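Peer 1: sequence and predicted structure, then a few things I'm wondering about:
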Amino acid sequence: MVRKIIIFTVMALAVFAYGQNVAPRLVPSNVKVSQASGRVVVEIDTFLVFGGNVSLLEAENEMRKFVRELALREAIPADVSISSLVSDMYIETKDSYDEKMASSVFLMSSSAGRFEKEEFLEREPSFEGSSLHFRQHYRAHIVPQERVYNPSMNLSVELSNNLLRHGDDFELSITPNVDGYLYLFDFLNDSSVAMVFPNVYITENRLAAGEDWSQTLVAQCPPDEDAVIETLYFVFSRDPIAGWEEFEANLSAQELVYSAGEQSFSLFHNWLGKCDPARRVEKMAQIHIFQ
């Protein structure tokens, strides 16, 4: 059965855009790593220096991404190849592919390590001359995740196009090879995580093996951006995963969600932690959108 859904009425596909229009200068970080009860605790005290054309919000978003990635890199074993893990999850497309963003989204997914708790202890932005200095004291409690592959599970994901103009329609087609439940997320510009499907309008997300599930999506580029790269994150589980209703969702076609809240990042990790990694498969796809 093929079901067509206009995603614009649900979420309008907000954007995950890593590092665009932001070119910070990194100052050496003070990083402390400890272990307790199978958790890795990473404490970071650092700051980035931004040019005067970067807004406080942009700087805060970039800092949040930076400390999370740094913490997770510290928690992942040195012999783990991030590049190979990313390539296992990414959907091959005929058009552009941003390796930096792929690695960034992968690192912020639970596939490398699950953020059990995070604390933004101190935030101190200050302007010095034409530069914005942003200091962040941050602590993360991370459970390293061993990538468990179940060769019996596969999720086929196809995009009709991933190089789009604002307002363009494109098709998303998904076919699992086993019975299970589909969940679709969007990683947003501020590193928050929004649920796209299921949603308040369509709660039935069970798919049968071999069932073709299609959606018509509408590409949306924020009015203050010339171009964005969006990342869709697919989770397909043999078992239903409770708690998806807690994620931020659009309630009308007029609402554009560009932030799902700072707590949504930990919510995503705790939610996915309820599911046995041997009974799920995860995929990611990039979409490039221009004005």
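Peer 2: Ah, there it is.
Peer 1: dihedrals phi and psi, Glu62?
Peer 2: When read as degrees, to the nearest 10, the backbone of Glu62 gives phi -60, psi -40.
Peer 1: now Pro176
Peer 2: phi -90, psi 160.
Peer 1: for the stretch 1-150 of the chain, which spans come out with low pLDDT?
Peer 2: 1-28, 77-112, 146-149 (pLDDT under 70).
Peer 1: where do the strands sit along it?
Peer 2: Listed in chain order, the strands of the stretch 1-150 of the chain (DSSP state E, counting those that start in this stretch) span 25-26, 30-36, 39-50, 113-128, 131-144.
Peer 1: could you dump those strands into JSON lines and include mean neighbour count and distance to Gly167?
Peer 2: C-beta coordinates here come from the backbone N, C-alpha and C atoms, glycine included. Output for the strands of the stretch 1-150 of the chain, formatted as JSON lines (neighbours: other C-beta atoms under 10 Å; distance: least, C-beta to C-beta, whole Å):
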{"stretch": "strand 25-26", "mean neighbour count": "11", "distance to Gly167": "36"}
{"stretch": "strand 30-36", "mean neighbour count": "11", "distance to Gly167": "44"}
{"stretch": "strand 39-50", "mean neighbour count": "19", "distance to Gly167": "32"}
{"stretch": "strand 113-128", "mean neighbour count": "14", "distance to Gly167": "35"}
{"stretch": "strand 131-144", "mean neighbour count": "19", "distance to Gly167": "33"}
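Peer 1: distance to His166 for those - can I get that in JSON lines?
Peer 2: Shown next, in JSON lines, are the strands of the stretch 1-150 of the chain (distance: least, C-beta to C-beta, whole Å):
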{"stretch": "strand 25-26", "distance to His166": "32"}
{"stretch": "strand 30-36", "distance to His166": "40"}
{"stretch": "strand 39-50", "distance to His166": "27"}
{"stretch": "strand 113-128", "distance to His166": "31"}
{"stretch": "strand 131-144", "distance to His166": "29"}
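Peer 1: to Asp186, which of those lies closest?
Peer 2: With C-beta to C-beta, the closest approach to Asp186 among the strands of the stretch 1-150 of the chain belongs to strand 113-128: 18.2 Å.
Peer 1: ok, back up a step: ok, which of the strands of the stretch 1-150 of the chain comes nearest Glu245?
Peer 2: Nearest of the strands of the stretch 1-150 of the chain (C-beta to C-beta): strand 113-128, 20.7 Å.
Peer 1: Pro144 and Gly113, how far apart?
Peer 2: As defined by C-beta to C-beta, to the nearest Å, Pro144 lies at a distance of 5 Å from Gly113.
Peer 1: now do the shared contacts for the two.
Peer 2: Residues touching both Pro144 and Gly113 (C-beta atoms under 8 Å, 6 or more residues apart in numbering) are 40, 75-76.
Peer 1: nearest to Met284 among the strands of the stretch 1-150 of the chain would be which one?
Peer 2: Of all the strands of the stretch 1-150 of the chain, it is strand 113-128 that lies closest to Met284, at 16.4 Å by C-beta to C-beta.
Peer 1: related to what we said a few turns ago, so which of the strands of the stretch 1-150 of the chain gets nearest Gly243?
Peer 2: Proximity to Gly243, assessed across the strands of the stretch 1-150 of the chain by C-beta to C-beta, is greatest for strand 113-128 (14.7 Å).
Peer 1: if anything else comes up later, I'll come back, but that's it for now.
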